[in-house]
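Novice: generate a structure from the sequence data that follows.
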Amino acid sequence: MTVCPKCRVQVRGGQKLCPLCQSPLPHSQKEPPLYPPPAFRRRRRIFALKLMLFFTLLFAAAAVVVNRQLPQSGNWDRLVLLGMLSLWLLTGVVLWERHRLPRLFCLAFPTAAGLCCLWDGVTGWNGWGLSYAVPCAAGGTVLLIGLMALLLRMPPELYLFPLLVGAMYGLVPLVLLLQDRVQPALPTYICLGLSAAALFYLLLFRPRELGRELHKRFLL
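Specialist: Residues are numbered from 1 along each chain as shown. Okay, here's the model as predicted:
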């Protein structure tokens, strides 16, 4: 049994993070997990990752060899390597947060938006990363968390704080809009509308539940 140093709850099963505040738990005696995954599922997951890594390395090596044989075609092998890296970064985020879907979407936003802006910069910087990728990722985060909470009928403690974080992401496209770095501005306006709707919902319909979540996470 481990005691969380932040919210002082007792946690069983040898977990690494507190289920309430997500703070790292101190090391203690090893305990078996509450719900151990079946061994065959773990073996299948490891095999799938190894197979994915094998084809990724094979495809990347083939792209480099072909590009070196055809130097007049440009350095397109760098784009292939960047695409493979982006794929593995997104895969890592999904695997790390696969059991906490609202948090998964919150982490996927900066990852996807950053990769799109990096890709835009490598290909000559046409501005689509800031004009389309960032507002679409921010607005999509709010929309997906809201739809998931509605369709799955999640309890408020599971989605309120991720929804708040997703709504805060909408400030990023707003800053870019005020600096005249986005063109056209329609995706940014849609993103701002979704973020504003999420904030109005939290402040008008869930103020007490949101306050409790903020208290648990920041000890306000």
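Novice: make it CA atoms for all contacts and neighbour counts henceforth
Specialist: Fine.
Novice: give the rounded mean pLDDT of stretch 4-11.
Specialist: The average pLDDT within stretch 4-11 is 78.
Novice: and residue 160, what pLDDT?
Specialist: Reported pLDDT for residue 160: 91.
Novice: count the neighbours of it for me.
Specialist: Residue 160: 25 surrounding residues under other C-alpha atoms under 10 Å.
Novice: what's the nearest residue to it if we skip its chain neighbours?
Specialist: residue 210 (6.3 Å; C-alpha to C-alpha, 6 or more residues apart in numbering).
Novice: same question, residue 74
Specialist: The spatially closest residue to residue 74, leaving aside those adjacent along the chain, is residue 67, at 7.6 Å (C-alpha to C-alpha, 6+ apart).
Novice: now the nearest residue to residue 132 once chain neighbours are set aside: which helix or strand?
Specialist: Nearest residue to residue 132, sequence neighbours excluded (C-alpha to C-alpha, 6+ apart): residue 187, at 6.3 Å. Assigned by DSSP states H and E, residue 187 belongs to helix 186-205.
Novice: hmm, who's touching stretch 85-105?
Specialist: Residues from elsewhere that reach stretch 85-105 (C-alpha atoms under 8 Å, 6 or more residues apart in numbering): 107, 108, 111, 112, 115, 141, 144, 145, 158, 159, 162, 163.
Novice: so which of these comes closest to residue 12?
Specialist: Of all the contacts of stretch 85-105, residue 12 sits closest to residue 158, with 19.5 Å by C-alpha to C-alpha.
Novice: how about the backbone phi and psi for the closest one?
Specialist: phi -90, psi -20 (degrees, to the nearest 10).
Novice: residue 145 versus that one, what's the distance?
Specialist: 10 Å (C-alpha to C-alpha, to the nearest Å).
Novice: so the two - more neighbours on which side?
Specialist: Legend: neighbour count by other C-alpha under 10 Å for residue 158 and residue 145, higher for residue 145 (22 against 16).
Novice: which element is that one on?
Specialist: helix 134-152.
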